[in-house]
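J.: With the input below, show me the fold.
(one chain, ligands or ions: 1)
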Amino acid sequence: MTEFSFEITTESRKYPVYVGQNLIERLGEIIGESTERAFVICDNIISDLFLETLIEGLRTSDIQTESRVIQSGESLKSLDSVKVLYEFLSENFAARSDTVIALGGGIVGDITGFVASTYKRGMKLVQVPTTLLAQVDSSVGGKTGINLKEGKNLVGTFYQPHAVVVDVCTLNSLPLSEYIAGLAEVIKYAFTMDPELFEFLIEKKNEILLRNPEVVSIIVEKALRNKARIVENDEREEKGRREVLNFGHTVGHAIEICSNHYVLHGQAVAIGMVEEARMAVRKGLLTESVLELLIYVLLLFGLPTELPDDIDFNQLHRVIKQDKKVSDGQLTIPMLTGIGRTTMVVDKVDNLDITKVGGNKI
Ligand code: GLY
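T.: Below is the predicted model:
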């Protein structure tokens, strides 16, 4: 059985990442020595699937466990939910040395990370991501966040977890479209920094689409090692390195907003990567052939590559102009220059021209 573990060393913390099969039931063994009590936070969908197995495993390892289930959905990432979770911890006399476990996708990971980073000025945190998107991106790197009515992730911290445990078997519970959307982030790592991963994705396409756990473990591990390298060099997004992870995300986020989120994050990133690669071609930074390869790989996995028909073009431009990353009308955006290569481009946001190739439905 293919299993990986490696360490991430950032300025604020060094922590292990485990990737493999059936790790949820072995979580107690994996984190056992470091904690006596654990507080598991998950949403109502994940609780039906994995909570019992997780708790049983922890208790077998003599870890005293409490759990709190909250409603699923983006609305979970609110100050109200933070209060509920602080109360859950204080009612149970949680100590700083106890562990908070985030069991779920990116939303649960973001809010649980925020709560763990602020309650008693920081408890131990273990991320157990259950969606591909969270496994290859948000569970590693320490970004936490909650939404205000004025915008997403306006409040948050950089707080590295104490461990990340990725059980790829959880991916079998995902709708196929959500699993495939997660692959967009894997393709992002391949094109921005890992030509070998690019070759591997093409070679193992069928196994990946069938969610073969051996092969999926390999792609998750490769993706996370790439992310680890970036986070180790630029933990707080201050050195111009971590921004490379935003490839496809400037246009992608705007698509998510303009579609009222019916376009999934990964689908939006797929279209965003194509649009941003087209910009690179127009700027003479990228050859048409690499753009075509990007489109080819995205289509190979059934991801969209063109803007859906019903996106309002003008609204899309307006949303991009309001992007958090725009300052003084200038946007810093990572652009692809080859397979595995990028450069940061600073440009006037008005210069971003997006193509519309019609006839697309998602
Ligand atoms: N998801 C991008 C980052 O962690 O920086």
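J.: Only C-alpha atoms from now on, for both contacts and neighbour counts.
T.: Fine.
J.: of all the residues in this protein, which ones are close to the ligand?
T.: 137-138, 141, 242, 245 (Cα under 6 Å from any ligand atom).
J.: could the residues you listed go into CSV alongside neighbour count?
T.: As requested, these are exported to CSV (neighbours: other Cα atoms under 10 Å):
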residue, neighbour count
137, 22
138, 20
141, 23
242, 20
245, 19
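J.: Pick out the lowest-pLDDT one from those residues.
T.: Of all the residues of the chain next to the ligand, residue 242 carries the smallest pLDDT score, 94.
J.: Look up how far residue 192 lies from that one.
T.: Distance of residue 242 to residue 192, computed by Cα to Cα, to the nearest Å: 12 Å.
J.: Do a quick rundown of the helices in the stretch 201-350 of the chain.
T.: Taking DSSP state H, counting those that start in this stretch, the helices of the stretch 201-350 of the chain run over residues 205-209, 213-233, 249-258, 265-282, 288-300, 313-321.
J.: Those: which one's closest to residue 105?
T.: Closest approach to residue 105 among the helices of the stretch 201-350 of the chain is made by helix 265-282 (12.5 Å; Cα to Cα).
J.: How about residue 96: what's its closest non-neighbour residue?
T.: residue 123 (4.6 Å; Cα to Cα, 6 or more residues apart in numbering).
J.: Now for that neighbour, how many residues are close by?
T.: 21 (other Cα atoms under 10 Å).
J.: State whether it and residue 89 are indeed in contact, as I suppose.
T.: No. The criterion here is Cα atoms under 8 Å, and residue 123 misses it with residue 89 at 10.5 Å.
J.: Is residue 109 part of a helix or strand, or is it coil?
T.: Of the three states, residue 109 takes helix under DSSP: H, G, I helix; E, B strand; the rest coil.
J.: ok, back up a step: take the helices of the stretch 201-350 of the chain and write them to TSV, including mean pLDDT, distance to residue 176 and mean neighbour count.
T.: TSV is the format used below for the helices of the stretch 201-350 of the chain (pLDDT from 0 to 100; distance: least, Cα to Cα, whole Å; neighbours: other Cα atoms under 10 Å):
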stretch	mean pLDDT	distance to residue 176	mean neighbour count
helix 205-209	98	9	16
helix 213-233	98	14	21
helix 249-258	93	19	24
helix 265-282	96	12	25
helix 288-300	98	15	17
helix 313-321	86	27	17
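J.: okay if I get those helices as a markdown table plus distance to residue 183?
T.: Output for the helices of the stretch 201-350 of the chain, formatted as a markdown table (distance: least, Cα to Cα, whole Å):
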| stretch | distance to residue 183 |
| --- | --- |
| helix 205-209 | 9 |
| helix 213-233 | 9 |
| helix 249-258 | 14 |
| helix 265-282 | 7 |
| helix 288-300 | 9 |
| helix 313-321 | 24 |
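J.: what packs against the host helix or strand of residue 118?
T.: If you go by DSSP states H and E, residue 118 is part of helix 106-118. Judged by 3 or more Cα pairs under 8 Å, 6 or more residues apart in numbering; DSSP states H and E, helix 106-118 is in contact with strand 37-43, helix 79-91, strand 99-104, strand 124-129, strand 146-148.
J.: JSON lines for those, including mean pLDDT and mean neighbour count?
T.: Putting the helices and strands packed on helix 106-118 into JSON lines (pLDDT from 0 to 100; neighbours: other Cα atoms under 10 Å) gives the following:
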{"stretch": "strand 37-43", "mean pLDDT": "97", "mean neighbour count": "23"}
{"stretch": "helix 79-91", "mean pLDDT": "97", "mean neighbour count": "15"}
{"stretch": "strand 99-104", "mean pLDDT": "98", "mean neighbour count": "27"}
{"stretch": "strand 124-129", "mean pLDDT": "98", "mean neighbour count": "27"}
{"stretch": "strand 146-148", "mean pLDDT": "92", "mean neighbour count": "19"}
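J.: Tell me which of those sits nearest to residue 216.
T.: strand 124-129 (14.2 Å).
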